[in-house]
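K.L.:
Got a sequence here, can you build the structure:
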Amino acid sequence: MKVSDYLTWLAEAILEQVLALAWRQTVARHGSPQRLDGTLCDPGFIIVGYGKVGGIELGHGSDLDLVFIHDGDPQAETDGAKPIDGAQFFTRLGQRIIHLLTTQTNSGQLYEVDMRLRPSGASGLLVSSLGAFDRYQQNEAWTWEHQALIRARVLVGSQDVGQAFEQIRANVLGRERDLEKLRQEVSEMRAKMRDNLGTKATTAGRGANAFEATALFDLKQDAGGIVDIEFMVQYAALAWSAQHPSLLRYTDNIRILEGLEQVGLMPAADAHLLREVYKAYRSAAHRQALQNEAGTVAGDQFADERRQVMRIWQALGLN
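P.N.:
This next block holds a predicted model:
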């Protein structure tokens with residue numbers, strides 16, 4: 001998926017420069033924040049990508065799903081002429097990053113930014129400490145938030161904080177789960193999404209032919225589409241990564257599907273089919289986006305592919 005690769009790499013390069021600029025501006029005003037051990041953060045901060053940018057699947061016009069994490073002392077003051085506590089510093093740093101990314105200029109804006117996948121969503125703090133992020137993921141996060149975490153990876157920032165994040169991610173996603181409960185929660189969430197976000201002619205996706213009457217096919221949300229493949233990948237990673245930690249090595253759907261095939265959890269033919277269909281859907285979505293068109297095609301364009309996706313969905317025990 002070369003288009004997505006290049007768009008993702010471009011976003012990472014831009015984020016690296018935006019973080020560096022925002023850091024310099026915030027430090028120049030308030031000084032450097034401190035860690036709990038009294039050392040200065042440099043920067044002690046990471047930008048984590050979720051969704052398409054995290055999964056290396058960015059498209060034309062995609063927004064960036066981001067989460068900000070730091071390892072500073074939230075109560076210790078910065079060492080500048082206008083000191084503020086660490087919590088305020090990292091909040092202002094995060095706000096500055098968002099401002100630089102989203103400000104409208106004569107040439108447009110860099111990206112739309114979505115921060116709703118942070119702990120507690122829109123009601124949560126803009127920037128989380130490592131400890132708070134860990135506690136939330138271990139004790140409060142919903143299953144769908146762990147599904148989202150499968151696609152999360154560090155884009156830019158502190159190497160030490162990034163390694164700590166990766167360990168938290170591995171610990172959270174790699175724990176043993178009740179498979180029956182997991183199947184139910186994943187299935188129910190997907191049904192809600194189809195009902196609310198799919199085309200009006202699409203039912204909740206019950207059965208391999210639930211989409212037969214659809215005049216248009218929403219490449220992302222309708223039954224047998226992109227999100228069904230993503231949900232299967234996420235379900236499989238949550239279900240079996242405790243026994244097969246290698247499933248957590250990558251955040252993109254293509255390589256996770258390859259991993260499922262390699263450890264014998266999915267028949268080679270099914271894994272190959274899902275990879276090829278996923279790439280076909282993404283290519284079609286890229287073309288639609290370049291023409292500023294909605295991500296829908298004729299209802300019969302991918303009829304066979306959709307049937308096969310739903311067959312595999314049911315084979316995994318999902319409803």
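K.L.:
any idea whether residue 94 is helix, strand or coil?
P.N.:
Assigned state for residue 94: helix (three-state reduction, DSSP: H, G, I helix; E, B strand; the rest coil).
K.L.:
What residues does it make contact with?
P.N.:
Shown in contact with residue 94 (Cβ atoms under 8 Å, 6 or more residues apart in numbering): 68, 126, 127. Placement of C-beta: from N, CA and C, glycine included.
K.L.:
partners of the strand or helix carrying the first one in the sheet?
P.N.:
To tie it back to what came earlier, the one meant is residue 68. Secondary structure assignment for residue 68, by DSSP states H and E: strand 64-70. Using DSSP bridges, strand 64-70 pairs in its sheet with strand 45-50 (antiparallel), strand 113-114 (parallel), strand 127-129 (parallel).
K.L.:
which residues touch the first helix or strand past the last one going along the chain?
P.N.:
Scanning forward in sequence from strand 127-129 by DSSP H and E, the next helix or strand is helix 130-139. With contact meaning Cβ under 8 Å, 6+ apart, helix 130-139 is reached by 67, 69-71, 119-120, 125, 128, 145-146, 149, 161, 164-165, 168, 171-172.
K.L.:
Can you select the buried ones from those residues in PyMOL?
P.N.:
Under the burial definition 16 or more other Cβ atoms under 10 Å, those of the contacts of helix 130-139 that qualify are selected in PyMOL by:
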select buried, resi 67+69+70+71+119+125+128+145+146+149+161+164+165+168+172
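K.L.:
The contacts of helix 130-139 in strands, which ones?
P.N.:
67, 69, 70, 128 (DSSP state E).
K.L.:
okay, now residue 10: neighbour count?
P.N.:
11 (other Cβ atoms under 10 Å).
K.L.:
what's the distance between it and residue 111?
P.N.:
According to Cβ to Cβ, to the nearest Å, residue 10 and residue 111 sit 10 Å apart.
K.L.:
my guess is residue 59 meets residue 289, correct?
P.N.:
Yes: Residue 59 is in contact with residue 289 according to Cβ atoms under 8 Å; the separation is 5.5 Å.
K.L.:
Quick one: buried ones out of the contacts of residue 94?
P.N.:
Applying 16+ other Cβ under 10 Å to the contacts of residue 94 flags 68, 126, 127 as buried.
K.L.:
Throw the residues you listed into TSV and include distance to residue 90, thanks.
P.N.:
Shown next, in TSV, are the buried ones among the contacts of residue 94 (distance: Cβ to Cβ, whole Å):
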residue	distance to residue 90
68	7
126	8
127	4
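K.L.:
can you tell me which of these lies nearest to residue 82?
P.N.:
Using Cβ to Cβ, residue 127 comes nearest to residue 82 of the buried ones among the contacts of residue 94, at 19.1 Å.
K.L.:
Please report phi then psi for residue 297.
P.N.:
Backbone geometry at residue 297, expressed as degrees, to the nearest 10, gives phi -130, psi 180.
K.L.:
Apart from its chain neighbours, what residue comes closest to it?
P.N.:
residue 217 (5.3 Å; Cβ to Cβ, 6 or more residues apart in numbering).
K.L.:
by contact count, what packs against the helix or strand containing that neighbour?
P.N.:
Using DSSP H and E, residue 217 sits in strand 216-218. For strand 216-218, the elements it packs on are strand 296-298, judged by 3 or more Cβ pairs under 8 Å, 6 or more residues apart in numbering; DSSP states H and E.
K.L.:
give the contact list for residue 294.
P.N.:
residue 288.
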